[in-house]
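Asker: Quick one, what's the 3D model for this:
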Amino acid sequence: MTIKPIIYLPDPVLRQQSVAVERVDSEIQSFIDDMLETMYDAPGIGLAAIQVGVPRRLLVIDVAGKDEEPTPQVFINPELVATGDETSLYEEGCLSIPDYYAQVERPATITVKHLDREGKEQVTEADGLLATCLQHEIDHLNGVLFIDHISKLKRDMVVRKFTKLAKARVTA
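Answerer: Numbering: from 1, shown residues only. As a prediction, this is how the structure comes out:
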């Protein structure tokens, strides 16, 4: 397994639309293992393939608490098929926007159709942190970042800050 480098804002790759995974084979399963290792190393609770520069509709999640046994979940070609009427507010962060957090309102319950690690079709009903994390990661697959759900003023400030940091890394 290999830890992949995570792409940071303002890299335009993060705004790409990801394409469907055509078949689940040993290459994809190996990539899933790399993604999980990368997510745990970061550390994070979710990671979309585009965040490591691979524009495929694939994400991994583990919302187990620090003192709980890891429960990695794999979502290949996830499709949000239903949302509940109620919303919830969570403070979100992102491995591609390190050390920045903001309150984001999203549907409290969702239903997602997807393939699992073996390529079998699944339907997952989620609420709480899992629902928020799934929506956040599915957004990544569509080129949307969690900062797109906050005010334009705050979003512009974050983009400016990370653009300045990226320029400083290049000249260092």
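Asker: excluding its backbone neighbours, what's nearest the residue most central in space within the chain?
Answerer: The residue lying closest to the centre of the chain (C-alpha atoms, centre = their mean) is residue 137, at 2.8 Å. In space, and not counting its chain neighbours, residue 137 is closest to residue 59: 4.1 Å by C-beta to C-beta, 6 or more residues apart in numbering. Yep, even glycine has a C-beta here, placed from its N, CA and C like the rest.
Asker: For the lowest-mean-pLDDT helix or strand in the chain, buried residues please.
Answerer: The helix or strand of the chain with the poorest confidence is helix 152-171; it has a mean of 90 (mean pLDDT, DSSP states H and E). The neighbour-count check on helix 152-171 (16 or more other C-beta atoms under 10 Å) flags 155, 158, 162 as buried.
Asker: Check stretch 90-99 too.
Answerer: Across stretch 90-99, burial judged by 16+ other C-beta under 10 Å covers 90, 92-97.
Asker: Give me the distance between the two termini of it.
Answerer: End-to-end distance for stretch 90-99: 16 Å, by C-alpha to C-alpha, to the nearest Å.
Asker: Distance from the chain centre to it, please.
Answerer: From the chain centre to the centre of stretch 90-99 is a distance of 10 Å (C-alpha atoms, centre = their mean, to the nearest Å).
Asker: So which residues make contact with that stretch?
Answerer: Stretch 90-99 is touched from outside by 6-9, 11, 14, 39, 42, 44, 47, 51, 100-104, 106, 129, 132, 136, 140, 145-147, 158, 162, with contacts defined as C-beta atoms under 8 Å, 6 or more residues apart in numbering.
Asker: let's see 7 Å
Answerer: Contacts with stretch 90-99, where a contact means C-beta atoms under 7 Å, 6 or more residues apart in numbering, come from 6-9, 14, 42, 44, 47, 51, 100-104, 132, 136, 145-147, 158, 162.
Asker: what's the answer for stretch 47-66, then?
Answerer: Residues outside stretch 47-66 that contact it (C-beta under 7 Å, 6+ apart) are 4-7, 13-14, 16, 18-21, 32, 35-36, 38-39, 45-46, 70-78, 95-96, 129-130, 133-134, 137, 140-141.
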